[in-house]
Every structure is written in structure tokens, then in C-alpha cells.
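[1] Make a model of this:
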Amino acid sequence: MLTRKTPDTLATTLTINGQGESITLDVTYHNRTQEGIEAVLEKAMADTTVDAQFANRETLLYVVKSADMEYPLTHDGLKELERDRPGMIEAMFFGFHKARRVELVKN
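    Sure thing, here's the model as predicted:
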């Protein structure tokens, strides 16, 4: 029976290709709802004292519980990550949505 109870966290391994290499990244996400994510994003976007990418970092920090990487899960750490590996924030968001999405398995 399908219940309303969902897991609190979602552990997954992302495979990232770029800059001539392929890496795997173990990530554990908080299982946040779309409404919660939108609320964090809207609040961050309303803050006019921060840079344009602040909202993306703030939202990613809201959904990522842990990640197996040398970059700390802080605004500065994510700035450095994105500087060194452009597109990583977007890839980690995509990984979150993929981990959260249900799929039909061939029966």
C-alpha cells in the first residue's frame, strides 16, 4: 500500500562529466518539498544585499545534507566549487530532483 510517509533523506551517487574527466559524487539530500524549496528561493531572491547567485547557493544548502567533496557546504564553499567546476550547482539540483522523482519499473 502506498502511504504518505516518505524518507527524510535521499542518498544517491551522481556521475559528473566535465573538464575531461568523469567523477562520482556521493550526496545525501534532505527530502524537501517543492513548496519548501520555492519558499527558500523566494526569500533569498528578496534579499537585495547579496549577489545574483546567492539564491541558488542558499537553496542548494537547503536540500543538500552532505556531499563527499573537499568543498564545504557553505556559501563560500559553493562559490569556490562553481568557480572551479562551472555547472556543479545545477548538476546537484538536477540530482536532487532525480533522486526525489519516482519511476515506474517494468513489471
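
[2] In this structure, mark out all the strands, start to finish.
    9-18, 21-30, 64-67 (DSSP state E).

[3] for those strands, which one sits closest to Glu82?
    With C-beta to C-beta, the closest approach to Glu82 among the strands of the chain belongs to strand 9-18: 12.1 Å. The C-beta positions use only the backbone N, C-alpha and C, and glycine is treated the same way.

[4] The closest one versus strand 21-30: what angle between them?
    Put simply, strand 9-18 runs at 160 degrees to strand 21-30, going by axes from the mean of the first three to the mean of the last three C-alpha atoms, to 10 degrees.

[5] and the gap between the nearest residue to Phe54 once chain neighbours are set aside and Glu38?
    Nearest non-adjacent residue to Phe54, counting by C-beta to C-beta, 6 or more residues apart in numbering: Ala44, 5.9 Å away. Counting by C-beta to C-beta, to the nearest Å, the gap from Ala44 to Glu38 is 11 Å.

[6] Show me which of these two is the more surrounded one.
    Looking at Ala44 and Glu38 with other C-beta atoms under 10 Å, you find the greater number of neighbours at Ala44, namely 17 against 11.

[7] ok, now which ones touch the more buried one?
    Contacts for Ala44 (C-beta atoms under 8 Å, 6 or more residues apart in numbering) come out as Val50, Phe54, Ala55, Glu58, Thr59.

[8] what's around the residue lying closest to Tyr29 once chain neighbours are set aside, how many residues?
    In space, not counting the residues next to it along the chain, Tyr29 is nearest to Leu10; the distance is 4.5 Å by C-beta to C-beta, 6+ apart. For Leu10, the tally of surrounding residues (other C-beta under 10 Å) stands at 19.
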